[in-house]
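Undergrad: Quick one, fold the following:
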Amino acid sequence: MSVFIKALLVIVVGEMGDKTQILAMTMAGKYKMKPVLIGVLLATILNHAIAVGVGTYLSLLLPMNLISIAAGISFLIFGLWSIRGDQSKDEKIKADRFGPILTVAIAFFLAEMGDKTQLMAIALAAEFRQPLIVLAGTTTGMMVADGIGVIFGAWICKNIPEKTFRWVSGIIFIFFGITTLYDSVPAWMIRLIYIIPFFVILAGLVYLIGIRIGKRPQPCDQMPAETLPETLGSKN
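TA: Below you'll find the model as predicted:
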């Protein structure tokens, strides 16, 4: 159960404000809520099944301590990625002939390929070696985050600064990364001579990526203002 909960929480945190959540919000402005959520569910199951398969395969090839160290480093990267934010993109839907569910599923699957939540699923599967539980946790996490986005997306984008999302999720991931590395690295590395440079470099990266680079436009900046009302009353 702890693996499921961690996978769920990590994905919920990572997906909040992510470009795929914004895509789900936008889709909800075009279609009814039910087909959007079904399409997101189908795309997530397929996408994260691939990710979990890759992560499980890696765990069979590499020693567990290396996997844990890699997972810790990946959480730090996800934290910096979250602080930096996703580049704003105009997601256009050109597959209406497939119907709402398949259109949403195709668009969401393609948007999720290589996204940080997919990479998180790979890292979690490699770390825990419980593919079905990880898949269940990451899929549930995606549905929770994207369900929130679909229902309350316009209000969230209008009333909660995206910078807040980015910094809170980034700090949580960095915390996960530090604790995972602490439990995984050899004991001789838990010394001030290594710890101090580690935190100095990490702080420098947070400043450079979060403050200097993180000022660019974010996905919520292009969120249609009418998405929330359309979500509740779409006719397609």
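
Undergrad: quick one: buried residues of stretch 39-59?
TA: 39-45, 47-52, 54-56, 58-59 (16 or more other CB atoms under 10 Å). For glycine as for every other residue, the C-beta is placed from the backbone atoms N, C-alpha and C.

Undergrad: hmm, I was thinking of stretch 143-152
TA: Residues Met143, Val144, Ala145, Asp146, Gly147, Ile148, Gly149, Val150, Ile151 are the ones in stretch 143-152 that count as buried (16+ other CB under 10 Å).

Undergrad: average pLDDT across it?
TA: For stretch 143-152, the mean per-residue pLDDT is 89.

Undergrad: Pull the residues that contact it.
TA: 8, 11-12, 15-16, 18, 20-22, 24-25, 27-28, 33, 36-37, 40-41, 44, 156, 228, 231 (CB atoms under 8 Å, 6 or more residues apart in numbering).

Undergrad: contacting residues around Thr138?
TA: Contacts of Thr138 (CB under 8 Å, 6+ apart): Ala7, Leu8, Val10, Ile11, Thr44, His48, Ala51, Val52, Thr117, Met120, Ala121, Leu124.

Undergrad: before we move on, what about Val40?
TA: Taking CB under 8 Å, 6+ apart as the test, what Val40 contacts is Ala24, Val104, Ala105, Phe108, Met142, Met143, Asp146, Val150.

Undergrad: What's the first helix or strand after the host helix or strand of the fourth one?
TA: Secondary structure assignment for Phe108, by DSSP states H and E: helix 100-112. Once the chain leaves helix 100-112, the next helix or strand it forms, by DSSP H and E, is helix 116-128.

Undergrad: Next, the angle from that next one to helix 100-112.
TA: 70 degrees (axes from the mean of the first three to the mean of the last three CA atoms, to 10 degrees).
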